[in-house]
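Q: what follows is a predicted protein model with its sequence.
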Amino acid sequence: MAFNFKRTQDLGGQFCIFGKLPRRADFIRINATHPAASQLDHVIADSLVLLGDDAARQRYLRMPATSLLTRSPDGAWLSLGVIQPSRDESGRLYPLVAASLLPSDIPHPSIGVMMLSNELFFNGLQEQLRNAIDNAVEMVACRQYLEAQALFGAGSLDDIKLAEQLLGRHLSMTPCSHLSTLLAGSGDTDLAALLLSFVFHSQLQRKFRGSLSSQAYLLPLPAGDGEDMLAVVTWLTLFSAATTGLTNMSVQCLVIRQPEQNCLALVPGMLTAPMLAQCWGITLDPRFVIDVSDKQAPWRSHQSYAEALYILSRRLGDSQFSLAQLCDVMASLSLSIV
């Protein structure tokens, strides 16, 4: 169910749908002039330019949908929705996009709880877009789905409470070794190094705000349905804990499903065209990935890094050390170095 942030009646029920359908020549536009939709449209258009050859275009068409939570560059709006690669009847490529648009200046839960409480919303929206593309139907049903989700707020607080309970239970019952195993399946990334990059790279961003190019974390997800969203919210919750001492962290995320590996692109900054192009199957250039294994990374020279690494490594060595306990440690580390 879509999370409802109604502040006043005039702000309720905002959403957008735009993109292309295989059996239509025109461009679908429903509330597409909304500032958040227009800004996302620009990034999408720039990302499609990166489809350099026919093989890349064919891979684009084979890619499944991506769930996303993005922020407009001015920080005023959150977009919570789905992007599905598509084309028009002439073969011109452009995805089908549908999202709820939420003002960011009102109270809302943590990004992890927001994603978990909207899991059914994401699944339903993916089904709406698949049906529109496969059966050449109009977007009336999708529009009604978004309208109903945006306007139905009676159960939203219950959804949030349930998501918080599920997340709390998962964190308290799951040992940290679960994440180490997940990382080992996708490379040789050390969990302690990754978690400390959350803390110290974010501090570096705060210090040099606006001077650093935008980069993303690429975090592995399991393949199973349901398990991937729990992993998504676990990574997001750990990042939130690791940045407890910071304010105005503009976090965005893409839940990308690829044949090779599902991953969470966690973006602590501006969403760029190369990052979004991962939704089309394009590998993200290493320049735009935060390299947590780089022993020469500038954040490792922080005077508190060695001590933090020692503390965290000792705790992670305990086989009974839970994710909930890890969140507490990360929050403590974040507050201690501000």
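A: Good, I have the coordinates.
Q: and the helices in the chain, which stretches?
A: 35-48, 54-62, 111-117, 119-135, 140-151, 156-173, 177-184, 191-207, 227-242, 273-276, 305-316, 323-336 (DSSP state H).
Q: of all those helices, which one is nearest N248?
A: Checking the helices of the chain against N248 by Cβ to Cβ gives helix 191-207 as the closest, at 8.8 Å. (Glycine included, C-beta is placed from N, CA and C.)
Q: can you list the buried residues in that closest one?
A: Residues of helix 191-207 classed as buried: 191-205 (neighbour count, 16 or more other Cβ atoms under 10 Å).
Q: could you give the angle of that helix to helix 323-336?
A: 40 degrees (axes from the mean of the first three to the mean of the last three Cα atoms, to 10 degrees).
Q: out of the helices of the chain, which gets the lowest mean score?
A: The weakest mean pLDDT among the helices of the chain belongs to helix 140-151, with a mean of 86.
Q: return the distance of that one from the chain's centre.
A: 22 Å (Cα atoms, centre = their mean, to the nearest Å).
Q: next, the angle helix 119-135 makes with that helix.
A: Using the same axes, to 10 degrees: helix 140-151 against helix 119-135 is 170 degrees.
Q: quick revisit: and which of the buried residues of helix 191-207 is nearest A141?
A: A141 has its nearest neighbour among those in F198, at 40.1 Å by Cβ to Cβ.
Q: can you tell me how far that closest one sits from L191?
A: 11 Å (Cβ to Cβ, to the nearest Å).
Q: and for G112?
A: 18 Å.
Q: cool, and G185?
A: From G185 to L191 the distance is 13 Å (Cβ to Cβ).
Q: returning to that earlier point: closest to F122 out of the buried residues of helix 191-207?
A: Distance ranking of the buried residues of helix 191-207 against F122, using Cβ to Cβ, places F198 first at 24.1 Å.
Q: identify the residues contacting the closest one.
A: By Cβ atoms under 8 Å, 6 or more residues apart in numbering, the contact list for F198 reads 217, 238-239, 242-243, 330.
Q: repeat that for 10 Å
A: 217, 235, 238-243, 266, 268, 290, 292, 330, 333-334 (Cβ atoms under 10 Å, 6 or more residues apart in numbering).
Q: same check, this time on A45
A: A45 neighbours (Cβ under 10 Å, 6+ apart): 94, 273.
Q: number the chain from 119, please
A: All set: I'll call the first residue 119, so the last point we hit is now A163.
Q: any idea how far apart the tips of stretch 250-269 sit?
A: For stretch 250-269, the first-to-last residue distance is 22 Å (Cα to Cα, to the nearest Å).
Q: tell me which residues in that stretch are buried?
A: With burial defined by 16+ other Cβ under 10 Å, the residues of stretch 250-269 counted as buried are 250-251, 257, 260-261, 263-264, 267-268.
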